[in-house]
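Novice: Return atomic coordinates for the entry below.
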Amino acid sequence: MVDPAASWRDGPELIDAAWVLGIAHPSGYPLYQSLTWMAEQLPLGDIALRDHLFSAVGTLFATMLLIILTAQNWRGDPATHTIRHSWVCASIALIWFLMPSQVENAIQAEGYALFASLMFLILLMLETFMHRQERRYYLLAAFISGVGAGNQVMLGAMIFPLILALSTLNNIKQLLSTAGAGVLAGLAGLSVYAYLPVRSANFPSMDWGHPTTLARFLSQVTDRKDVGDHLSALTPNGTDWLSTLHHFIHFQIEWFSLAGLIAILIGWSILLWMRPRTSIMMLSAPLFLFCFFPDWESGTVLTGALGVEAIGITGLGMIMAWNATSVLAPLLLVLSIAALFFHSATKGIPFTFNRTHYAAVEIKRSQLLRLPYRATTLSGVAWFHLRALSDVEGIRPDVTVIGLGSIVSPQFFGALRPRHIPLLHYPARPTIGDAPTNSEAVAFLFHLMRDNRSNSRFFLDMDEDYLAPFLPYIASYPGLWWGEITAHPVANQCQILQHQLGKTLEGFITLDDRILRDLEFGRALQYGFFAWVHLMINRSPSCLNSAKGMLEWWQRWFAAIESSAMDGSHDFWHNVYGVIAARTGRDHEAFLNFREAFTNGDNDAGINLAIWYQQHHRLKQALDVAKETFLRSGSRKALILWKSLRMAEPR
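Specialist: Numbering: from 1, shown residues only. Purely as a prediction, here's the structure:
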């Protein structure tokens, strides 16, 4: 069931970072990198498959721990802790196992299967400590918490269960000595972070943040990746609390269904009443994580917290202790488990068989193979995937892969160094600091290309939209998704780019016409295609007709993929047509396209439609559309727009 090749998200980055014993994105994942490096040495298929199997094994281990943790959760009431109820424990673990967020972690290289395993193990040790009051279990939990936080800093949330578990100790002297010993055990576990400065000092090709100084080390460990894209109830903003609450409730229902969520809440209420200390201890870390990541739709970061939340179903089983002859209690338990299982299975099983991420990397592989000899590619998001293909699989050792982040944001991604580009001349001037301005980064890139024109041709991966200075220099190259950066500006660039896209897609179709019907490769192609269209729309008014022609070309050739892959929530075609119409002065056509896309469920179109109404002084319609868009998606943009329209409303 695991992905057969490197996947899209963080998988290629983590695979490559482990292979070169490098530094991954914050918090660096030192434990995960070390363990997966050992897994990569096993003779089991290709390197990516070994990393995916490591995640699968970690998931099975986490599932076993969740069964044991759930069973032990009933110890507080021996009347309910019987062998005939063990099916409940297995059912809860299976419900968690089938959740799409968990499946996504299990079938590809990702650190959250290990995260969930450590979380369940720590809670198991702490619950055993509270039941037996044997100090060794507490110290073991504290040490594992340190090791776990040394892999993913978010496991630091286990400090709350560690503190609350001490509430079972009535002797103050014993409490203080146990707490002190626990602090030392946790610090000993955190020593795994020594991996970061030691390995970074060797300048590996994957070296996020280059954490060789104390300031860089602390930044790497504590930075939250993609922080700007997510909300947090722990850093409240006056315009965000409603959106945060909306996301939290919406995704809870998405993960468990409304009926399942109600059953879980009732179960935890019973557990909190019957076993308050243990229940509060177990819930403290998940509640912290839910507050920190209330809008993480996929739930992958929260997979361990979701497993603990599902344990609440055992509270319904404890009702049977009050009246063993009642039929209502076991019926309620069975119905709740059946509802949760049905919800998880109907979402998780199709998700398991609908793997779509690895196709994008396979397209990058074909592009890498088509580059001319000793070419250099400047890449944005796809740098991780190209780096993995180059480092791990050894594809095209003559090609230099440069991540633009190492030049534009070296303080975050790690700076580009001469040893990273042995086939090129590293420019002596201009020098580039830890936090360069855009002009400094662009100047460095132009000097790099100028100094190496005689021995390398440069290509730009167009998956990014912050590369405006290079756009006038992009020329077509047969069969490549990327454009070649020339020494002089290119005339008639819009038509050239449109022609290049058509030729590239025709090359893919000629290679294998099944791509016209393949959902996985169609989505991967669509991602790159729309990056080009986005750039075309933002270039100049003269490029808008070319962008429209590109959209029409895609819809004509890839109609089969569009009908199977795109549901109403992804009707961005009409939205983009609306943007093009608005920018070319076709006002009514823009309105019709925005309205069509919004009716089909596209939330970006809802924002554009609300703005259109506002510009045409139809404030009531603008308010209604902005409000509906927010309620449907929880979009912060829609919420801010709705509030600004409310302020502009006549009193």
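Novice: Let me see the contact set for residue 537.
Specialist: 543-544, 547, 576, 579-580, 583 (Cβ atoms under 8 Å, 6 or more residues apart in numbering). Where C-beta positions appear, they are placed from N, C-alpha and C, glycine not excepted.
Novice: Could you dump those residues into CSV and include distance to residue 384 and pLDDT?
Specialist: Listed next are those as CSV, based on distance: Cβ to Cβ, whole Å; pLDDT from 0 to 100:
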residue, distance to residue 384, pLDDT
543, 29, 76
544, 32, 78
547, 28, 77
576, 27, 82
579, 30, 85
580, 32, 85
583, 34, 82
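Novice: And the buried ones among those residues, selectable in PyMOL?
Specialist: Buried members of those, defined by 16 or more other Cβ atoms under 10 Å, are picked up in PyMOL with:
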select buried, resi 543+544+547+576+579+580
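Novice: Just the closest of the contacts of residue 537 to residue 338, please.
Specialist: residue 576 (43.4 Å; Cβ to Cβ).
Novice: Next, count neighbours for the nearest residue to that closest one once chain neighbours are set aside.
Specialist: Excluding the flanking residues, the one nearest residue 576 by Cβ to Cβ, 6 or more residues apart in numbering is residue 551, at 6.3 Å. Applying other Cβ atoms under 10 Å, we find 20 residues neighbouring residue 551.
Novice: all numbers from here: first residue = 263
Specialist: Sure thing, new numbering starts at 263, so read that last one as residue 813.
Novice: secondary structure element for residue 813?
Specialist: helix 806-819 (DSSP states H and E).
Novice: Surely the residue nearest to residue 838 and residue 763 touch.
Specialist: No: distance between residue 813 and residue 763: 10.7 Å, which falls outside the contact criterion (Cβ atoms under 8 Å).
Novice: So which of the contacts of residue 799 is the closest to residue 456?
Specialist: Nearest to residue 456 among these, with distances taken as Cβ to Cβ, is residue 838, at 49.6 Å.
Novice: thought that closest one was touching residue 812?
Specialist: No: using Cβ under 8 Å, residue 838 makes no contact with residue 812, being 10.0 Å away.
Novice: how about low-confidence regions in the stretch 413-562 of the chain?
Specialist: 486-506, 508, 555-561 (pLDDT under 70).
Novice: So which residues of it form helices?
Specialist: 421-427, 434-452, 457-462, 476-484, 503-518, 520-536, 538-554 (DSSP state H, counting those that start in this stretch).
Novice: Now do the fourth one: which elements does it pack against?
Specialist: Secondary-structure packing of helix 476-484 (3 or more Cβ pairs under 8 Å, 6 or more residues apart in numbering; DSSP states H and E): helix 457-462.
Novice: Am I right that residue 635 sits in a helix?
Specialist: No: according to DSSP: H, G, I helix; E, B strand; the rest coil, residue 635 belongs to no helix; its state is coil.
Novice: Report pLDDT for it.
Specialist: Note for residue 635: predicted pLDDT of 91.
Novice: does it really touch residue 660, like I thought?
Specialist: Yes: between residue 635 and residue 660 there is a contact at 5.8 Å, judged by Cβ under 8 Å.
Novice: Where do the helices of the stretch 563-712 of the chain begin and end?
Specialist: 565-572, 576-579, 590-615, 620-632, 645-653, 667-670, 672-675, 700-713.
Novice: Next, the contact list for residue 907, please.
Specialist: 872, 876, 881, 884-885, 888.
Novice: ok, back up a step: tell me which residues in the helix holding residue 813 are buried?
Specialist: Burial within helix 806-819, assessed by neighbour count using 16+ other Cβ under 10 Å, is assigned to 806, 808-813, 815-816, 819.
Novice: re earlier: who's in contact with the residue nearest to residue 838?
Specialist: 795, 835, 838-839.
Novice: Need the buried residues of helix 806-819 in JSON lines (columns: distance to residue 446).
Specialist: Output for these, formatted as JSON lines (distance: Cβ to Cβ, whole Å):
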{"residue": "806", "distance to residue 446": "65"}
{"residue": "808", "distance to residue 446": "65"}
{"residue": "809", "distance to residue 446": "62"}
{"residue": "810", "distance to residue 446": "66"}
{"residue": "811", "distance to residue 446": "67"}
{"residue": "812", "distance to residue 446": "62"}
{"residue": "813", "distance to residue 446": "62"}
{"residue": "815", "distance to residue 446": "65"}
{"residue": "816", "distance to residue 446": "61"}
{"residue": "819", "distance to residue 446": "64"}
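Novice: Residue 716 - how many residues pack around it?
Specialist: By the criterion of other Cβ under 10 Å, residue 716 has 6 neighbours.
Novice: same check, this time on the one 5 residues further on
Specialist: Burial of residue 721 is recorded as 23 neighbouring residues (other Cβ under 10 Å).
Novice: Residue 350 touches residue 574, doesn't it?
Specialist: No: Residue 350 lies out of contact with residue 574 (Cβ under 8 Å); the separation is 11.7 Å.
Novice: Which of those two has more residues huddled nearby?
Specialist: residue 574 (26 against 22).
Novice: isn't the more buried one right next to residue 530, touching?
Specialist: Yes: the pair residue 574 / residue 530 is scored as a contact, 3.8 Å apart, by Cβ under 8 Å.
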